[in-house]
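Trainee: Model the following, please.
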Amino acid sequence: MAWFKRQDKGIHTPTEKKKEAPDGLWYKTPSGNIIHMRELKNNSYVCPDDDYHVRIGSKEYFEILFDDNKFTELDADLMSADPLKFTDSKKYPDRIAASQKKTDLKDAVRTAYGKMNGKDITICCMDFSFIGGSMGSVVGEKIARGIDHSLKKKVPFLMISKSGGARMMEAGFSLMQMAKTSAKLAQLSEAKIPYISLLTDPTTGGVTASFAMLGDFNIAEPGALIGFAGPRVIRETIGKDLPKGFQSSEFVLEHGFLDFIVDRRQLKNKLTTLLKMVY
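Mentor: All right, here's what the predicted structure looks like:
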């Protein structure tokens, strides 16, 4: 039976000893392109084959924007309470604790200040991985305090939005953050300190209806979902099919709600150039 056996010389690993590739080494885009995570990180988390912008959080944005990833975080330990004693399938404090353990975040937004191409700036960035980036009292408070920091230091303020909207577990307390952040931004405007709002995928609900659309410059990443209500809700409400690309950043730009769309790979330099022109 020698003909049935391998005669070639080489390394042959028994099946039981073969190991699978570790999870997290590769990323597959919606169009089917596969890219190594190291290459993706070096390309600002944009797939080079189709320019697909992968959803990222505050950790990655801070790495991209702050010089040498050096920054000072503000109000890092601020956490949500349970003012309404909300209980659904799981108690609200349990949801918070589970999200904190899963994401290693305290809540759905982080605020920090540092230098971007040598220019001082305060950056507030939302994390969709924390309960869908929902806006609760802590989110509103941290944004407000971030604006206060910009007012005190007289430095530009950048808001990076990525959210499903208001946090239902805080009901009216969540909705109050819309007015709270808007009032703070009015103070920033009166002080003539630039506010740039960057809308990323997705930016919806009460976030879109408040601080996300109040920038001196409203900009977005390519292909981001931007809107108030979701497409399905709108379709059922008006009883009509929606236009192709409805609520994409390109559609929103075409209809005058954005100033421009910026590729994440050019984001840092574009923001610096813009701020040098106006401040």
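
Trainee: Check this structure for its longest helix and report it.
Mentor: Counting residues, the longest helix in the chain under DSSP state H turns out to be helix 171-190.

Trainee: Could you export the helix or strand just after it as PDB, CA atoms only?
Mentor: Following helix 171-190 in sequence order, the next helix or strand is strand 195-203 (DSSP states H and E). Only the C-alpha atoms of strand 195-203 are listed here, as PDB (Å, rounded to 0.1, in the frame of the first residue of the first chain):
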ATOM      1  CA  TYR A 195     -17.100  74.000  17.100                       C
ATOM      2  CA  ILE A 196     -16.700  71.300  14.600                       C
ATOM      3  CA  SER A 197     -19.200  68.400  14.500                       C
ATOM      4  CA  LEU A 198     -18.100  65.200  12.900                       C
ATOM      5  CA  LEU A 199     -21.000  62.800  12.200                       C
ATOM      6  CA  THR A 200     -20.000  59.100  11.800                       C
ATOM      7  CA  ASP A 201     -21.900  55.900  11.200                       C
ATOM      8  CA  PRO A 202     -24.500  56.000  12.600                       C
ATOM      9  CA  THR A 203     -25.700  59.300  14.000                       C
END
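
Trainee: Quick one: residues in contact with strand 195-203.
Mentor: Residues outside strand 195-203 that contact it (CB atoms under 8 Å, 6 or more residues apart in numbering): 53, 55, 128, 156-164, 185, 188-189, 208, 211-221, 223-227, 249, 258, 262, 267, 271, 274-275. Placement of C-beta: from N, CA and C, glycine included.

Trainee: So which of those residues are in strands?
Mentor: Cross-referencing the contacts of strand 195-203 against strands under DSSP state E gives 157, 158, 159, 160, 161, 162, 163, 217, 218, 219, 220.

Trainee: What is the longest helix of the chain packed up against?
Mentor: helix 137-153, strand 195-203, helix 205-208 (3 or more CB pairs under 8 Å, 6 or more residues apart in numbering; DSSP states H and E).

Trainee: Just put the ones you listed in TSV and tack on distance to residue 178.
Mentor: Below are the helices and strands packed on helix 171-190 laid out as TSV (distance: least, CB to CB, whole Å):
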stretch	distance to residue 178
helix 137-153	8
strand 195-203	14
helix 205-208	5
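
Trainee: Just send the ones you listed back as TSV, with mean neighbour count, distance to residue 28 and mean pLDDT too.
Mentor: Listed next are those as TSV, based on neighbours: other CB atoms under 10 Å; distance: least, CB to CB, whole Å; pLDDT from 0 to 100:
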stretch	mean neighbour count	distance to residue 28	mean pLDDT
helix 137-153	21	31	98
strand 195-203	25	17	97
helix 205-208	24	28	95
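
Trainee: who wins for proximity to residue 170 among these?
Mentor: Closest approach to residue 170 among the helices and strands packed on helix 171-190 is made by helix 137-153 (5.9 Å; CB to CB).

Trainee: Now do that closest one: distance to the chain's middle.
Mentor: 17 Å (CA atoms, centre = their mean, to the nearest Å).

Trainee: Which strands or helices does it pack on?
Mentor: Here helix 137-153 touches strand 71-74, strand 109-116, strand 119-126, strand 157-163, helix 171-190, going by 3+ CB pairs under 8 Å, 6+ apart.

Trainee: Just say which of the ones you listed is most tucked in.
Mentor: strand 157-163 (a mean of 27; mean count of other CB atoms under 10 Å).

Trainee: tell me the mean pLDDT over it?
Mentor: For strand 157-163, mean pLDDT rounds to 98.

Trainee: List the neighbouring strands of it plus their orientation.
Mentor: strand 119-126 (parallel), strand 195-203 (parallel) (DSSP bridges).

Trainee: now those strands in CSV, with distance to residue 34?
Mentor: Below are the strands paired with strand 157-163 laid out as CSV (distance: least, CB to CB, whole Å):
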stretch, distance to residue 34
strand 119-126, 28
strand 195-203, 20
